[in-house]
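Trainee: sequence? don't have it. structure:
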C-alpha cells in the first residue's frame, strides 16, 4: 500500500492511495469525516439575550464555528484526569458580551486559552439593534462527527483512478476532447491525457464519439482522494490521524479474534 501526496492548496488536500481495496479506502474516508476528534463549543449558558434571535439558534451558530487548536494538548472529557468535571486539559471557555447596535462576530468572543480561537474573526453570530444586549459563556470540548456534525473534521471523497485506453492508429483525438466537458481531457504532444481525473466519469461520451477507440477504465486498486478540512485541523493531520485510528481499530479487531 502506498500514499502519494498530489496537491495541498489552502484547506484542500489531494492524494493517491495505491495497492489498496475499496473497503479500506471507504473506511479511511469515513474515519476522516466522523472519527477524528475536533474541538467545538458544546455547552452555552446565556446570562442575557435581548436580541430578536432565540437562544437555541444562537447556540447552534456558535457551536458550528470551527476552532483552531493544538490536538496534542487536550483530552476527551471522558478520558481526562478530572473525570469529566472540566479542566484546562479538556475544555476551553469562551465568553461574549456586547450591546447594540452592531453585530456580534466570532472575533468578539474571549477565550480562556489564547491558543484556542475561531479560524476566522468574521463569522456573524447575531445582529443587535439599539438597546439589545447579549451575554453568554460557551464551553468548548473535543468530540467527533459521529456524535454531532459540529465536530466533523473534514469532507472527504474518493474516486477510482481513471486510465485511458486508446487504440493504436486512432488520430481524431481533438473530437474526443471537444465531446467531453471542458478541462477533463486534453491533447499534448499528439497524446490524449486526462487533465482532471476527479471528473473523468463525466466523459463517458468519449467511447461513443471515438466508436470504441477510446475507453476510460477504472483501476480498482488505486484511489484518488480529495480532503477538505471543515475544522481547525490541517488536512495532513486529519489524513494521518485517520490512518492511525484505522490502524488501532485493526489491532483491536485482531486481538478480539484471538478470544473467539
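Mentor: Cool, got the structure. What you are looking at is a predicted structure, and each value in this text was computed from that prediction instead of being measured. Numbering: from 1, shown residues only.

Trainee: For the rest of this, base every contact and every neighbour count on C-alpha atoms.
Mentor: Noted.

Trainee: For residue 254, the count of nearby residues, please.
Mentor: Here the number of neighbours of residue 254 (other CA atoms under 10 Å) works out to 11.

Trainee: Check what pLDDT it gets.
Mentor: Confidence at residue 254, expressed as pLDDT, is 87.

Trainee: and it, helix, strand or coil?
Mentor: Following DSSP: H, G, I helix; E, B strand; the rest coil, we place residue 254 in the helix state.

Trainee: Please work out how many residues are found near the closest residue to residue 105 other than its chain neighbours.
Mentor: Among residues not flanking residue 105 along the chain, residue 124 sits closest, at 4.5 Å (CA to CA, 6 or more residues apart in numbering). Applying other CA under 10 Å, we find 15 residues neighbouring residue 124.

Trainee: So that it lines up with my notes, have the first residue be 627 from now on.
Mentor: Renumbered: residue one is now 627, and that last one reads residue 750.

Trainee: Tell me the confidence at residue 750?
Mentor: 97.

Trainee: looking at it, it is touching residue 734, isn't it?
Mentor: No: in this structure, residue 750 is not within contact of residue 734 by CA atoms under 8 Å, at 9.9 Å.

Trainee: ok, now how distant is the residue nearest to residue 731 from residue 693?
Mentor: Using CA to CA, to the nearest Å, residue 750 is found at 15 Å from residue 693.

Trainee: Over to residue 654: give its phi and psi.
Mentor: Backbone torsions for residue 654, taken as degrees, to the nearest 10, come to phi -60, psi -40.

Trainee: tell me the strands in the stretch 777-886 of the chain, going along the chain?
Mentor: Applying DSSP state E, counting those that start in this stretch to the stretch 777-886 of the chain gives strands spanning 780-792, 811-814, 817-820, 840-855.
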